[in-house]
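K.L.:
sequence plus the predicted model coming up.
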Amino acid sequence: MAKVVLAGGTGNLGVLLSEAFLNRGDEVLILTRQRNAESNNGLQYVFWDGETIGTWIKHIERADVIINLSGQRIDRRFTDGNKAILEKSRLLPTQIIGSAIQQLQYPPKLWINFSGISIFSDAPSGFHDEDGQEYGTGFLAYLTQKWENAVHDIILPSTRKVILRVSPVLLKDTGMFSELYLLTKWGLGGKVGNGKQYISWIHEQDFIALVFWLIAKEPKDAIYHACTPFPVTNTAFMEQLRQSAGVGLGIPIPAIFARVGALIKGVDASLLLSSTQATTKKTIVEGFKFKYPSIQQAFSQLIK
């Protein structure tokens with residue numbers, strides 16, 4: 001049984017991982033900003049503010065792994081105020097976790113810090129794996145680079161550091177898949193814009209398996225991609241979703257309507273129209289096996 005600490009583990013991915021760790025018999029502790037969160041179902045909640053050292057530091061002593069999932073959701077407009085919120089919610093927890101680990105007598109063996117494949121958003125053409133250095137030039141790419149640099153800047157002689165660049169995780173009951181599946185059933189599952197923008201993704205079961213695999217393999221400081229080796233265009237993504245859902249019609253959404261819809265919904269249009277051609281090589285070379293490597297396999301499992 002391992003002791004696992006999830007920092008910011010109350011979101012969709014935190015819930016997914018905490019349930020998976022509990023199911024295999026691990027001890028799971030969640031650092032949360034919710035002051036009155038009650039421990040239940042085997043989960044222990046500990047308050048932290050994500051910015052300063054507090055009594056929470058004693059709970060990560062002797063942990064086998066700490067996973068930092070902290071960060072406000074990006075589904076918002078990229079105003080100056082929101083940019084500041086997104087940056088603060090990522091950099092400060094990362095920096096304070098690093099500072100806390102430095103002060104421990106028995107620090108965690110492994111620190112996995114989440115990042116994003118958005119570091120390649122609208123990067124030069126071509127597929128970018130873990131060795132790629134041609135990062136994007138937009139806000140999300142800039143934010144992700146700054147986030148990763150915060151990890152690199154922290155010196156930890158006794159704790160291995162892994163940066164896990166997470167792509168959109170296809171979850172059965174929430175997130176991108178469930179929203180698009182519902183729209184597809186309504187006949188609105190057509191391409192967005194010209195449909196040429198690439199989508200990198202990973203099935204929820206492969207995501208869990210990859211995190212387990214990383215913990216078991218005891219990696220040296222490294223960067224890994226949590227995405228399938230086979231990104232697809234928006235056109236191919238939506239075509240396969242319609243086929244898997246048994247829906248013949250999918251009304252396309254022109255770019256101008258996508259921008260208007262994004263404005264109404266309060267999100268940045270780049271989340272719909274930008275391209276992220278991220279793939280993975282390191283996981284394959286080192287022996288990880290994807291159960292759902294193709295989008296057809298993923299949709300078939302999620303729907304059927």
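P.N.:
Received, thanks. Numbers count the residues shown, from 1 in each chain.
K.L.:
need the residues that contact the host helix or strand of residue 297.
P.N.:
Assigned by DSSP states H and E, residue 297 falls within helix 295-303. Outside helix 295-303, the residues within contact range by CB atoms under 8 Å, 6 or more residues apart in numbering are 170, 172, 177, 181, 201, 203, 205, 228, 230, 232, 236-237, 240-241, 243-245, 291-292. Yep, even glycine has a C-beta here, placed from its N, CA and C like the rest.
K.L.:
try it again at 10 Å.
P.N.:
Residues outside helix 295-303 that contact it (CB atoms under 10 Å, 6 or more residues apart in numbering): 170-173, 177-178, 181, 184, 199, 201-206, 228, 230-232, 236-237, 239-246, 290-292, 294.
K.L.:
relative to the whole chain's centre, how far out is it?
P.N.:
19 Å (CA atoms, centre = their mean, to the nearest Å).
K.L.:
coming back round to it: show me how to select, in ChimeraX, the buried members of the contacts of helix 295-303.
P.N.:
Only the buried entries of the contacts of helix 295-303 go into this ChimeraX selection, using 16 or more other CB atoms under 10 Å:
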select :170,171,177,181,184,199,201,202,203,204,205,206,228,231,232,236,237,239,240,241,242,244,245,290,292
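K.L.:
ok now the longest helix along the chain, how far from the chain's centre?
P.N.:
Longest helix in the chain by number of residues (criterion: DSSP state H): helix 80-103. Per CA atoms, centre = their mean, the displacement of helix 80-103 from the mean C-alpha position of its chain is 16 Å.
K.L.:
so what does that helix touch, helix or strand wise?
P.N.:
Judged by 3 or more CB pairs under 10 Å, 6 or more residues apart in numbering; DSSP states H and E, helix 80-103 is in contact with strand 3-7, strand 65-68, strand 110-116, helix 139-152.
K.L.:
give me the sheet partners of the second one and which way each runs.
P.N.:
Pointing back at strand 65-68 there. Strand pairing for strand 65-68, determined by DSSP bridges: strand 3-7 (parallel), strand 110-116 (parallel).
K.L.:
hmm, back to that, mind putting the helices and strands packed on helix 80-103 into CSV with mean neighbour count?
P.N.:
Formatted as CSV, the helices and strands packed on helix 80-103 follow (neighbours: other CB atoms under 10 Å):
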stretch, mean neighbour count
strand 3-7, 25
strand 65-68, 26
strand 110-116, 24
helix 139-152, 18
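K.L.:
so residue 199 touches residue 191, yeah?
P.N.:
No: if you go by CB atoms under 10 Å, residue 199 and residue 191 don't touch, sitting 11.2 Å apart.
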